[in-house]
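1. output the structure for:
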Amino acid sequence: MSIILKDKCYGLIIGCALGDCMGSIADFKHQESSQDKVVSPEESEGYWNEATTLLLCQCEALKTGESVLKYIFESIANGWGTSNGEITNLSKSTIVRARTFGTSRTIQKPCTHNTDCLLLIGALAMHYYRSYEVGHVEAFMNPLASGCRLCMDACKFYYALLDLTLHGGTKKQILNPASYGNLILSPQVLSVLDTNEQDPVPHTSWASQASSDHVINALKMVIQVFSTTWNYEEGVVAIINRSEAPVRTGAILGQLCGAYYGLTDIKEDWIGLLQRKDLLRAVNLPK
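-> Predicted coordinates:
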């Protein structure tokens, strides 16, 4: 593995964890109706949570060839994969899928298009770095997409975006709709690249998670912030202070900015705060 690729991959992993940490602080402040801005992960004491757990579960599944649902189930059961040993904020559909893994039970409720499925994609982009077509299919068949075409297309798009980022694409290339011309995507997914929208997710209520925890709105916000910020810190601070679901959008943007700018762009004192770095470093990187 080249030094540049290694820097991008570890940037993706650490970037996700820090976005998760800072998003958790922002989420707490939002619930308390605090107007204070979050500018560093210090208040979190480095504790990352479910958003990063999903990335790690997918990494473990790819390493062993087993289903990611198995690892999510184990995480729910014993807290593996979180820095504080607790699993509390996974979506209901993700929890049901994990708990019914290996049984004939299926989810009957309509898909809520939540962002859990997107958080697995960073692992796929790294693992299939040299096998784009295989990774593309795996992203489309993401078990957390619930068989929903909108979520499957969103995963397929985000995979292509991260793949281009890891392969050294410029920001202009990454944000250019022509870069994804080989993909057949729904109009809603294609709309996320319209960066002319100044505020794709207007603030309605900090208590409502529905708007920016929707896969399309989350991707729109991530693309908008990525296109208007110029380093990891600026991007993550911007998104967690404007999003109604800062843990998820912070982790998703953290993956993208971490992969684009690399680990070397992330402050060393921020990285030093992270708990359970052993789990983060154990990720199987592409050869």
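
2. contacts, neighbours, all on C-alpha from now
-> Fine.

3. now the strands for the stretch 151-287 of the chain?
-> Assigned by DSSP state E, counting those that start in this stretch, the strands in the stretch 151-287 of the chain number zero.

4. okay, and for it, where does confidence drop off?
-> Within the stretch 151-287 of the chain, the ranges that satisfy pLDDT under 70 run 195-211.

5. which stretches in it count as helices?
-> Ranges of helices in the stretch 151-287 of the chain, per DSSP state H, counting those that start in this stretch, are 171-174, 187-190, 215-228, 232-240, 246-261, 268-273, 277-281.

6. of the ones you listed, flag the one that's most buried.
-> With neighbours taken as mean count of other CA atoms under 10 Å, the helices of the stretch 151-287 of the chain reach their highest mean count in helix 246-261, at a mean of 30.

7. CA atoms only: put that one into PDB for me.
-> Provided in PDB are the C-alpha atoms of helix 246-261 (Å, rounded to 0.1, in the frame of the first residue of the first chain):
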ATOM      1  CA  PRO A 246     -25.000  15.600  13.900                       C
ATOM      2  CA  VAL A 247     -23.800  12.100  15.000                       C
ATOM      3  CA  ARG A 248     -24.600  10.500  11.600                       C
ATOM      4  CA  THR A 249     -23.800  13.500   9.300                       C
ATOM      5  CA  GLY A 250     -20.700  14.200  11.300                       C
ATOM      6  CA  ALA A 251     -19.500  10.600  10.800                       C
ATOM      7  CA  ILE A 252     -20.400  10.500   7.100                       C
ATOM      8  CA  LEU A 253     -18.600  13.800   6.400                       C
ATOM      9  CA  GLY A 254     -15.800  12.600   8.600                       C
ATOM     10  CA  GLN A 255     -15.300   9.600   6.400                       C
ATOM     11  CA  LEU A 256     -15.300  11.800   3.200                       C
ATOM     12  CA  CYS A 257     -13.100  14.600   4.500                       C
ATOM     13  CA  GLY A 258     -10.800  12.100   6.200                       C
ATOM     14  CA  ALA A 259     -10.400  10.200   3.000                       C
ATOM     15  CA  TYR A 260      -9.900  13.400   0.900                       C
ATOM     16  CA  TYR A 261      -7.600  15.400   3.100                       C
END
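
8. so that helix versus helix 215-228, what angle?
-> Per axes from the mean of the first three to the mean of the last three CA atoms, to 10 degrees, the angle that helix 246-261 makes with helix 215-228 is 40 degrees.
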